[in-house]
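1. coords please:
(one chain, ligands or ions: 1)
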Amino acid sequence: MQMTMEKHHPKISPFMEYLEGLRARPSSEEVTQEMQGFDISATELGDYVQFHHDTYRRNLIFENEYVQLLCLCWKSGQQSPVHDHSSSICGVKVISGIASETTYEMNPDGFIKPLSTIDYSEGVIVSEDSDIHHVSNLQDINEDLVTLHCYSPPLKKMNLFSISSKYPQVYEPVNEWHIDSSGI
Ligand SMILES: [Fe+2]
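-> Numbers count the residues shown, from 1 in each chain. As a prediction, the model looks like this:
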């Protein structure tokens, strides 16, 4: 299956052509390098920038058997659950706003503990592969966050974690093609 919108802003077209041309799973290094090759604003991403008032929203831009590209939109105060990416690699590019990433580690007793929170500003590209983490928009009210996430292979399942339970839950994330989103 391959799905994509017909039109992209010219600034992201070379990256889209790279994704469409893949015939194998790319490495994490390759994905982050390719994500460095373009700059695009939230305005230029057009209809892919869709927010939801209750939860952060995952807007699907492109997917084939090797990769998946999503535009994630976060209002102030919205955050992902604590999760991992199963066996997918992930490159993240901050398009606008500040993305706060908190990473966790697994303890011998089976519970997780937070390690650190790092704020990533516009233009920063981060590789999020085997991390247990969550991402938040901790900015002031009315300050939006927009991020691009490229997963390989497409992220169909993730483990959700809680600091109060040693039993992760398997979750199948909801990616919205356009309007009428739910988050997570
Ligand atoms: Fe993540």
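2. Please, which helix or strand holds the residue of the chain most remote from its centre?
-> Relative to the mean C-alpha coordinate of the chain, counting by CA atoms, centre = their mean, the farthest residue is residue 109 (29.2 Å). Using DSSP states H and E, residue 109 is not contained in any helix or strand.
3. With the one 5 residues further on instead?
-> Counting by DSSP H and E, the element that carries residue 114 is strand 112-120.
4. Which elements pack onto that strand?
-> strand 99-106 (3 or more CB pairs under 8 Å, 6 or more residues apart in numbering; DSSP states H and E). For the C-beta atoms, the positions are set from N, CA and C on the backbone; glycine is no exception.
5. Helices along this structure, start to end?
-> With DSSP state H, the ranges of helices along the chain come out as 13-21, 28-35.
6. now the angle from the longest one to helix 28-35?
-> Using axes from the mean of the first three to the mean of the last three CA atoms, to 10 degrees, the interaxial angle of helix 13-21 with respect to helix 28-35 works out to 150 degrees.
7. Against which helices or strands is helix 13-21 packed?
-> Contact partners of helix 13-21 among helices and strands, from 3+ CB pairs under 8 Å, 6+ apart: helix 28-35, strand 57-63.
8. so how far is residue 165 from the residue nearest the centre of the chain?
-> Residue closest to the average C-alpha location in the chain (CA atoms, centre = their mean): residue 149, at 3.6 Å. Distance from residue 149 to residue 165, counting by CB to CB, to the nearest Å: 26 Å.
9. List the residue ranges of the chain that fall below the pLDDT cut-off.
-> Within the chain, the segments meeting pLDDT under 70 span 1-6, 177-184.
10. on that earlier part again, the residue nearest to the centre of the chain against residue 67, yeah?
-> No - here residue 149 does not reach residue 67: they are 10.6 Å apart, not a contact under CB atoms under 8 Å.
11. returning to that earlier point: possible to save the helices and strands packed on helix 13-21 as TSV with mean neighbour count and distance to residue 91?
-> Listed next are the helices and strands packed on helix 13-21 as TSV, based on neighbours: other CB atoms under 10 Å; distance: least, CB to CB, whole Å:
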stretch	mean neighbour count	distance to residue 91
helix 28-35	17	4
strand 57-63	22	13
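12. what about the strands in the chain?
-> All strands of the chain, identified by DSSP state E, fall at 3-4, 57-63, 68-74, 82-83, 89-96, 99-106, 112-120, 125-127, 132-136, 145-152, 158-162, 165-171.
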